[in-house]
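> what would the 3D arrangement of this be:
(2 chains)
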Amino acid sequence: MKILVGLGTCGIAAGAERTYQALAERKAANGASFTLAKTGCIGMCYREPIVEIRTKAGRRYQYGNMTADKLDRLFSEHVEAGRPIAEWLLWSDDGSGSELAYTTQQNRIVLRNCGFIDPESIEDYLAVGGYQALQQVLAQNDPDALIAAIIQSGLRGRGGAGFSTGMKWRFTRMAKGDHKYVICNADEGDPGAFMDRSVLESDPHSVLEGMAIAAFAIGADTGYIYCRAEYPKAIERLTLAIAQAETAGWLGEDIGKGGFSFSIRLKEGAGAFVCGEETALIASIEGKRGMPRVRPPFPAVRGLWGRPTCINNVETLANLPWIVTHGAAAFAALGTKGSKGTKVFAMAGKIKRGGLVEVPMGISIRQIVFGVCGGIKEDRKFKAVQMGGPSGGCIPSELQDTVIDYESITKTGAIMGSGGLVVMDETTCMVDVARFFLDFTQRESCGKCTFCRMGTKRMLEILTRACEGKSREGDIERLEELAERVKNGSQCALGQTAPNPVLTTLKYFRSEYEAHVNNLKCPAHKCGPLLTYQITDACVGCLLCIKACSAGAITGERKHKHTLDQSKCTRCGQCYKVCNVEGAISVD
Amino acid sequence: METHRTFDFRNQHFVGQEGRLIPLLQKAQETEGCLTRARLLEIHRETGIPLSSIYGVATFYAQCRMTPVGKNLIRVCHGTACHVAGANDISAAVEETLHIANGETTKDRLFTLETVSCIGCCSLAPVIMINHDTHGNLSEKQVKKVLKQRQADAAADAKGAKA
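Next comes the predicted model:
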């Protein structure tokens, strides 16, 4: 029997290391009645820490919320008596468990090994067929056929823009240069996206193998992984995986004795969102300020140190070994006409089951939100999903039957993006969300293009005014005009897409903007300065709000309805927060 | 010139590699807590990179800092999910408890408050990180409790050190 603990960042944050420690102590005390292993992200972040029991016969049982104090019962009932604990069981491959809907509706290609193998063990990766794809590619020794196969598979870049991976390779292969480079873009900066982090933490070797395959296809000898410094666990496991692969001969000189040499260096980012843009990323590796430059020439022709460079995203690379071993046709059989394969989404926000899901392209937003992820928290009303981070937009609930493929999402005004999917309910104010994203892009603008540098700042000021009840006449029109200008007047994708959150919310939630600007009201009751608090007849006179009010605006006596002086009220909302009586304080 | 007790330039394996500036700055900051003027000058002398370029790079990246941080670095996540889940209230709670604003350090040098874009633990929103520990699913009350605990620990440490 094998017991595994999910030790991704989410799991560790929820206390998985303590669970692992407790299991290790138990193993040391009782002798080795089981093998204990680490694994990566299982995907059900909402139920971490997760422990899996894998029996000798190969049956898998996953348990959720397994804090150390629950281990006694787990051992006495399941490990010793062999009776699975139904109330804790998330999922088992015998078809039982409470979270069956979450796991069975997924189709795991990128996440195939995540939460299954030990990310710190190359033996585990080899045992599930690791590095066989690379071996196969080297044995065939035909880069052009490999590129043709990837083009045929229909794989498109998973970093956001969705350019054909095979075509990118072909351009880099055709370009002339004494050296060529492969770069893995692991600078996952979009707030709300964490699938690359999970793949790097849970299955680093698949990314290395993908990079080696890409390097062989384009004729590169050196690879760089540019990883966000905010992901210490991913960096730790990548460093280990690179060392293991070098020792085992899957990286380095003369791999597979066919004359192909490829080494990988790891570069830590230094906290700049714009470095996710490929030319800025290259500048950053070269040790410069991470500022984008004009394309063309594209990196495929003139990239790192002026040489042909192919930049692929983590998720794109993790797809490659699977495509090679299963064939391009198997990959192309999944998805829609223009978007093949699967997509990993990081589900967060007001959703019941938040975590990582991998679904085939072509599934609708409704199916993901309600089918796979169980719907909205506290069964509130579904309002919108935000896709594509600061470059994307909000898709309203009316369009929840939109299918997931690059073209359909783009039509709504959002973008596929890297795969962050933040769900919003009726309590989310869309003007506030737009302000949030503009605040982000405004801070992260590198400052090179005037419209991006100053236009986003002016847009943010208008949105902040709206949220504070200080709007001026014509603010909405001014916002629209600026959005167009920033879009057209910026050189890189950061500026060109920065207005998207504003444009999509204006398109679908214009009435909310009008309420903020013209009527000084926030329909979602989120923007503090726009709210009016009133004490209703339901007040029982408990004095709590009087104590909480720092402005001294509430007066009254015990057991008598209190009164609120609007002229003194600072609209801080403390009274509303402390009140225990349903409906005693109304907000408008 | 100060001594090289903590940061020996000659032993840095980045030296001589192309694109070495950022790793050098990261290493310097890691050993000393922040980038000092003396260290930037030294990097300039050893690598030949113009000081203006070094300063340009150091001020471009959010991670590089010119002022030292407190003993506990508190990072309040303001990613999308955390924002929707009330990250502003969490920041306010930290500010209220420690009497510092974003980017500031307490007078006793125990805490530095920083706002970050996304830690990548979106399903645990709202999230804060204190040094390397991540705390998720927080309420304002819980944040205050966590901070009070840290303050108490620090006080106990200080007492222990004196005795």
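> in the helix or strand harbouring residue A:424, what counts as buried?
Assigned by DSSP states H and E, residue A:424 belongs to strand A:420-425. For strand A:420-425, the neighbour count (16 or more other C-beta atoms under 10 Å in any protein chain shown) marks A:420-425 as buried. Backbone N, C-alpha and C define where each C-beta goes, glycine included.
> what is whichever helix or strand comes after that strand packed up against?
Next in sequence after strand A:420-425, counting helices and strands by DSSP H and E, comes helix A:430-444. In terms of contacts (3 or more C-beta pairs under 8 Å, 6 or more residues apart in numbering or on different chains; DSSP states H and E), helix A:430-444 is packed against strand A:382-387, helix A:456-468, helix A:493-497, helix A:500-508, helix A:510-518, helix B:80-84.
> any idea what residue A:265 is bridged to?
residue A:224 (DSSP bridges).
> CA atoms only: put stretch A:115-135 into PDB for me.
The C-alpha trace of stretch A:115-135 is given here as PDB (Å, rounded to 0.1, in the frame of the first residue of the first chain):
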ATOM      1  CA  GLY A 115      -1.000  14.500  -8.400                       C
ATOM      2  CA  PHE A 116      -0.100  11.000  -9.700                       C
ATOM      3  CA  ILE A 117       3.700  10.900  -9.600                       C
ATOM      4  CA  ASP A 118       6.300  12.300  -7.200                       C
ATOM      5  CA  PRO A 119       7.600  15.400  -8.900                       C
ATOM      6  CA  GLU A 120      11.000  15.100  -7.200                       C
ATOM      7  CA  SER A 121      11.600  11.600  -8.600                       C
ATOM      8  CA  ILE A 122      12.800  11.000 -12.200                       C
ATOM      9  CA  GLU A 123      12.100   7.300 -11.600                       C
ATOM     10  CA  ASP A 124       8.400   8.000 -11.100                       C
ATOM     11  CA  TYR A 125       8.400  10.000 -14.300                       C
ATOM     12  CA  LEU A 126      10.200   7.300 -16.200                       C
ATOM     13  CA  ALA A 127       7.700   4.700 -14.800                       C
ATOM     14  CA  VAL A 128       4.800   6.500 -16.400                       C
ATOM     15  CA  GLY A 129       6.500   6.600 -19.800                       C
ATOM     16  CA  GLY A 130       8.600   9.700 -19.300                       C
ATOM     17  CA  TYR A 131      11.200  10.600 -21.900                       C
ATOM     18  CA  GLN A 132       9.900   8.000 -24.300                       C
ATOM     19  CA  ALA A 133       8.600  10.700 -26.600                       C
ATOM     20  CA  LEU A 134      12.000  12.300 -26.700                       C
ATOM     21  CA  GLN A 135      13.500   8.900 -27.400                       C
END
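> rewinding a little: make CSV out of the buried residues of strand A:420-425 and add distance to chain B.
Converted to CSV, these look like this (distance: C-beta to the nearest C-beta, whole Å):
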residue, distance to chain B
A:420, 7
A:421, 10
A:422, 5
A:423, 9
A:424, 6
A:425, 9
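> returning to that earlier point: what about the strand holding residue A:424, average pLDDT?
The pLDDT scores in strand A:420-425 average 93.
> what do you get for stretch A:18-28?
For stretch A:18-28, the mean pLDDT works out to 93.
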